[in-house]
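Engineer: Pasted the sequence and its predicted model underneath.
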Amino acid sequence: MQYMFFDKILRIIFCAAALGYAGVSSADDAGATMDPNGNVANFTGYALVTCFDEGTGPTDHLVASIQDTSPPQDNLLVNLQIIKGNLANSTTDPVSGDGKYSPEAKVHGGEGVYQLLVNKTDEGARSFLVSYHCQTDDTPPIHTGTAIFVKQFE
């Protein structure tokens, strides 16, 4: 029992460190493994992404995509959802292990806090990468301030 508690805490700390580091990098990419033991079909990661003007202009939207870096497995895919207020969008990586990100999901919610969720469609461990960016409405979009805080990873 105590081992399971420490194992869970270590996984949360690892994910928080990985996502927290990505929040201060210019690439805004993060990765982890959902359900390393492969027995939780409803495993969900939940983070808050804050978009702000850091001198490049006001944020218009958050755009994100997900890549399943695990070997292909039938009926086991990774999903990503973005929610802000009454706006939401989602995307799924349709082919695991192909080295490509899913189509982008975008929510035009302006500056502030967005909810970012990742989950999977069935039991099984899934390694993934998330690319997320707060951007202006310019053409091409300009990257704005982006910070992330992991709330749940279980």
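Structural biologist: That came through fine.

Engineer: how would you label residue 83: helix, strand or coil?
Structural biologist: strand (DSSP: H, G, I helix; E, B strand; the rest coil).

Engineer: what's around residue 54, how many residues?
Structural biologist: Residues contacting residue 54 under the criterion other C-beta atoms under 10 Å number 13. The way it works is simple: take the backbone N, C-alpha and C, and place the C-beta from them, glycine included.

Engineer: got the contact list for it?
Structural biologist: With contacts taken as C-beta atoms under 8 Å, 6 or more residues apart in numbering, residue 54 has the following neighbours: 144-145.

Engineer: Am I right that it sits in a helix?
Structural biologist: No. Going by three-state DSSP, the assignment for residue 54 is coil, not a helix.

Engineer: what about the strands in this protein?
Structural biologist: For the chain, strands defined by DSSP state E occupy the ranges 29-34, 44-52, 61-68, 78-84, 87-92, 105-107, 112-120, 126-135, 145-153.

Engineer: Kindly present those as TSV, with separate columns for distance to residue 98 and mean neighbour count.
Structural biologist: Conversion of the strands of the chain to TSV gives the following (distance: least, C-beta to C-beta, whole Å; neighbours: other C-beta atoms under 10 Å):
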stretch	distance to residue 98	mean neighbour count
strand 29-34	16	20
strand 44-52	21	19
strand 61-68	8	24
strand 78-84	12	21
strand 87-92	13	17
strand 105-107	18	20
strand 112-120	16	20
strand 126-135	13	23
strand 145-153	24	17
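
Engineer: Reformat the ones you listed as JSON lines; add mean pLDDT.
Structural biologist: As requested, those are exported to JSON lines (pLDDT from 0 to 100):
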{"stretch": "strand 29-34", "mean pLDDT": "90"}
{"stretch": "strand 44-52", "mean pLDDT": "95"}
{"stretch": "strand 61-68", "mean pLDDT": "97"}
{"stretch": "strand 78-84", "mean pLDDT": "98"}
{"stretch": "strand 87-92", "mean pLDDT": "98"}
{"stretch": "strand 105-107", "mean pLDDT": "98"}
{"stretch": "strand 112-120", "mean pLDDT": "97"}
{"stretch": "strand 126-135", "mean pLDDT": "96"}
{"stretch": "strand 145-153", "mean pLDDT": "92"}
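
Engineer: Dump the ones you listed to CSV, plus distance to residue 99.
Structural biologist: Converted to CSV, the strands of the chain look like this (distance: least, C-beta to C-beta, whole Å):
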stretch, distance to residue 99
strand 29-34, 13
strand 44-52, 21
strand 61-68, 7
strand 78-84, 14
strand 87-92, 16
strand 105-107, 19
strand 112-120, 18
strand 126-135, 10
strand 145-153, 23
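
Engineer: Fine by me, thanks again.
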